[in-house]
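Colleague: Show me how the following folds:
(chains A and B)
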Amino acid sequence: MTIRKISILGGYGRAGNRDPVDRVDLAMGDVLSIVGPTGSGKTALINDIGLFASENTPSRRRVLINDTVPSTEFLDDPSKNPIALITQHTSFLSDLPVHRFLDIHARIRHSGRTGTVVDDTLEFANQLTGEPIIVDSAMTELSGGQSRALLIADAVIIGNSPIILLDEIENAGIDRTKALELLRKYEKIFIFVTHDPHIALLSNYRIVMKGGAMQDVITTGAEEKRVAGKIDQMGKVMDDLRDKIRGGELLIEEELRVIMELANLKSI
Amino acid sequence: MKLIMCAGPPTSGKTMVLRQVTRRLLAKGCRIAYLKIDVQFADEDDLFKTEFGIPARKVYSGELCPDHAGVLVLGDAVKWAIKEGVDTLFVETAGLCLRCAPYIEGSLGIVVLEATSGMNLPRKIGAMLTLADIAVVTKIDLVSQAEKEVFRANIIDAAGIDVLETDALHGIGIDRIAARVERAQEVVEPMILRGSPPMAVCTICAGKRQIGSEHHFGVLRTLDSDLFYRGQ
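Modeller: The predicted structure follows:
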């Protein structure tokens, strides 16, 4: 089955109030962010999507694929499930070496014909991390950022999941802008739960959650896209400072003033 | 009486799965009783009593192997459940040894395994998995997509049974487990253990599979008695 679009049909918020947003449609290639304060129902919403809710979750929302109720086969076998969910708690537990582990997954997914997917997966992951992954090291020896990068790469390339849900990857220690740029090349639906303004503005839409309900859907317009560019520059200032700290340097007031002035002159 | 036997290693999430299933089935009008078999400590019976107000009790096996204790007391337990006027009895085992299987012919045998226990666990445990009807895999939110898939493939490889993944804490994937419980058949007398426990010296270990302490010799107990000895 080819997935062309998924739709989220509104249900109810925590207080039993109707979701002000009645329906959200996502086409292949769309990037969606889910934003809102802690406890506003973001995780419940991605769980609804991950479960293909059909009025059977507390929110009573429904999720359709290509305008129809998804087959239960999707839920019966994770390798047939078109959705890969990567949360803040998801991790690798296997102590197999990286290349053997990826090979096992590739064999299950591709009936033994693995081709170059393992290499492609590693290449993808390495673009997101600071330190390249050593393929002979155990999965459990990877750093937090490396394993998060590999989780994403594995879901995108070996799993080839058409819909990928990423819960707060800003805490993952990977290059977020690079991640979005790379992910954009794949014809998939990406859904980010995020507190990061840059990720939110690089998305096509964002759902704003409040009190468990889908409060609003905002389409990123031309002005916000320009703002995203400026936030990116601000981010680079922060990255620069981060690199200095990582490199064991001291931060000097004067230098910070210069950096901020430069950033100001260039962008705002 | 539908007899639902739930086995699985300690802390794998048996109680959480059964609570979530109980909540759904009670809402549909099922009448459920709950029995916990454990070695020396259990408070799950109180939990089921307080949370759902259903008949619930526990049995400590003490010096006995808990699965052996199950064989001795389950005949009485079914009678207790009938007297309580329920249609489904959940039995949650201690889940300590993994080599025995507590399942009874005609019951629904559920083995609960946690996805975090390592991809090769399904190959390591024996009858507790291979004689079950369904495997419920818990804590799926904690492991990678790849490990989820390999874990499932290893279960199917080892046991050839249906696998249902769940994140029981958030109630995800529970409906399909509840549906299997609803479809379960009534257990019929005489109840017989599904497989022989590993070789040992007592009547149960030696392959006498009849349920009920009256069929056995050696150190025995009933649901309500202390240990006693029958034999020469």
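
Colleague: Was I right to think B:S12 contacts B:A94?
Modeller: No. The criterion here is CB atoms under 8 Å, and B:S12 misses it with B:A94 at 11.8 Å. The C-beta positions use only the backbone N, C-alpha and C, and glycine is treated the same way.

Colleague: separation between A:M28 and A:I163?
Modeller: Here A:M28 is placed at a distance of 9 Å from A:I163 (CB to CB, to the nearest Å).

Colleague: no no, A:L182
Modeller: According to CB to CB, A:L182 and A:I163 sit 17 Å apart.

Colleague: which of those two has more neighbours?
Modeller: When A:L182 and A:I163 are compared for neighbours, A:I163 comes out ahead with 21 against 16, by other CB atoms under 10 Å in any protein chain shown.

Colleague: Break chain A down into its domains, please.
Modeller: For chain A, automatic domain parsing gives the domain ranges A:5-220, A:221-268.

Colleague: Can you say which of those is nearest to chain B?
Modeller: domain A:5-220 (3.9 Å; CB to the nearest CB).

Colleague: so where does the spatially most central residue of chain A fall, helix or strand?
Modeller: Closest residue to the average C-alpha location of chain A: A:L166 at 3.0 Å, with CA atoms, centre = their mean. For A:L166, the enclosing helix or strand under DSSP states H and E is strand A:163-167.

Colleague: what does that strand contact?
Modeller: A:3, A:6, A:43, A:46, A:49-50, A:82-88, A:152, A:155-156, A:183, A:188-193 (CB atoms under 8 Å, 6 or more residues apart in numbering or on different chains).

Colleague: pretty sure B:G109 is in a helix, no?
Modeller: No. B:G109: not assigned to a helix; according to DSSP: H, G, I helix; E, B strand; the rest coil it is strand.

Colleague: Check the closest residue in space to A:Q88 that isn't next to it in sequence and give its pLDDT.
Modeller: In space, and not counting its chain neighbours, A:Q88 is closest to A:E168: 5.2 Å by CB to CB, 6 or more residues apart in numbering or on different chains. Looking at A:E168, its pLDDT is 79.

Colleague: What about A:E168, how many residues nearby?
Modeller: By the criterion of other CB under 10 Å, A:E168 has 17 neighbours.

Colleague: same deal with B:A81?
Modeller: Count around B:A81 with other CB under 10 Å applied: 25.

Colleague: Residue 228 - nearest residue in space that isn't next to it in sequence?
Modeller: All of this refers to chain A. Closest to A:A228 by CB to CB, 6+ apart is A:L201, at 3.7 Å.

Colleague: actually it's chain B I care about, not the one you picked
Modeller: Using CB to CB, 6+ apart and skipping the chain neighbours, the partner closest in space to B:F228 is B:L220 (6.0 Å).

Colleague: give me phi/psi at that neighbour?
Modeller: Main-chain dihedrals, B:L220, degrees, to the nearest 10: phi -130, psi 170.

Colleague: Please report the distance of it from chain A.
Modeller: 42 Å (CB to the nearest CB, to the nearest Å).

Colleague: That residue: neighbour count?
Modeller: B:L220 has 24 nearby residues by other CB under 10 Å.

Colleague: Could you tell me which residues of the stretch 51-200 of chain A lie near chain B?
Modeller: Residues of the stretch 51-200 of chain A that fall close to chain B, judged by CB under 8 Å from any CB of the partner chain: A:51, A:56-57, A:72, A:75-79, A:84-87, A:89-94, A:101-102, A:104-105, A:108-109, A:151, A:154-155, A:158-159, A:161.

Colleague: any idea what sits nearest residue 194, other than its immediate chain neighbours?
Modeller: I went with chain A, as the question did not name one. In space, and not counting its chain neighbours, A:T194 is closest to A:S33: 5.2 Å by CB to CB, 6+ apart.

Colleague: Wait, chain B was what I had in mind.
Modeller: Closest residue in space to B:R194, ignoring its immediate chain neighbours: B:Y103 at 4.4 Å, by CB to CB, 6+ apart.

Colleague: Likewise for A:V24?
Modeller: Spatially, and ignoring its direct neighbours in sequence, A:V24 is nearest to A:I8 (4.5 Å; CB to CB, 6+ apart).

Colleague: List the beta-bridge partners for that neighbour.
Modeller: With DSSP bridges as the criterion, A:I8 is bridged to A:V24, A:V63.

Colleague: For it, which residues are in contact?
Modeller: Contact analysis of A:I8 by CB under 8 Å, 6+ apart lists A:R23, A:V24, A:L26, A:L45, A:D48, A:I49, A:R61, A:R62, A:V63, A:M214.

Colleague: number of nearby residues for residue 178?
Modeller: No chain specified, so I'll use chain A. Neighbour count for A:K178, taken as other CB under 10 Å: 13.

Colleague: Wait, chain B was what I had in mind.
Modeller: Other residues close to B:A178 by other CB under 10 Å number 19.

Colleague: Which strand or helix spans the residue nearest to it when sequence neighbours are not counted?
Modeller: The spatial neighbour of B:A178 that comes closest, neighbours along the chain excluded (CB to CB, 6+ apart), is B:R24 at 4.5 Å. According to DSSP H and E, B:R24 maps onto helix B:14-27.

Colleague: Give the buried residues for that helix.
Modeller: For helix B:14-27, the buried set under the neighbour-count rule, 16 or more other CB atoms under 10 Å in any protein chain shown, comprises B:K14, B:T15, B:M16, B:V17, B:L18, B:R19, B:Q20, B:V21, B:T22, B:R24, B:L25.

Colleague: Over to stretch B:95-102?
Modeller: B:G95, B:C97, B:L98, B:C100, B:A101, B:P102.

Colleague: now stretch A:244-259
Modeller: Using 16+ other CB under 10 Å as the test for burial, stretch A:244-259 gives A:I259.

Colleague: tell me how far the ends of it are from each other?
Modeller: From its first residue to its last, stretch A:244-259 covers 13 Å (CA to CA, to the nearest Å).

Colleague: Can you tell me what sits against that stretch?
Modeller: A:V237, A:D240, A:L241.

Colleague: who's in contact with B:G231?
Modeller: B:G231 sits in contact with B:F217, B:G218, where contact means CB under 8 Å, 6+ apart.

Colleague: How much space separates it from B:H216?
Modeller: Applying CB to CB to B:G231 and B:H216 gives a distance of 9 Å.

Colleague: For chain B, give the residue positioned nearest to chain A.
Modeller: For chain B, CB to the nearest CB, closest residue to chain A: B:A146, 3.9 Å.

Colleague: Okay, that residue and B:D167: tell me how far apart.
Modeller: From B:A146 over to B:D167 the distance is 17 Å, taken as CB to CB.

Colleague: go on, A:I65?
Modeller: Distance of A:I65 to B:D167, computed by CB to CB: 21 Å.

Colleague: Who has more neighbours out of those two?
Modeller: Legend: neighbour count by other CB under 10 Å for A:I65 and B:D167, higher for B:D167 (23 against 20).

Colleague: For that one, which residues count as its bridge partners?
Modeller: B:I172.

Colleague: residue contacts, it?
Modeller: Counting by CB under 8 Å, 6+ apart, B:D167 touches B:T138, B:K139, B:I140, B:D141, B:G173.

Colleague: I'd like those residues as TSV, with pLDDT and distance to B:A153 appended.
Modeller: Converted to TSV, the contacts of B:D167 look like this (pLDDT from 0 to 100; distance: CB to CB, whole Å):
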residue	pLDDT	distance to B:A153
B:T138	94	18
B:K139	89	18
B:I140	84	14
B:D141	79	19
B:G173	84	18
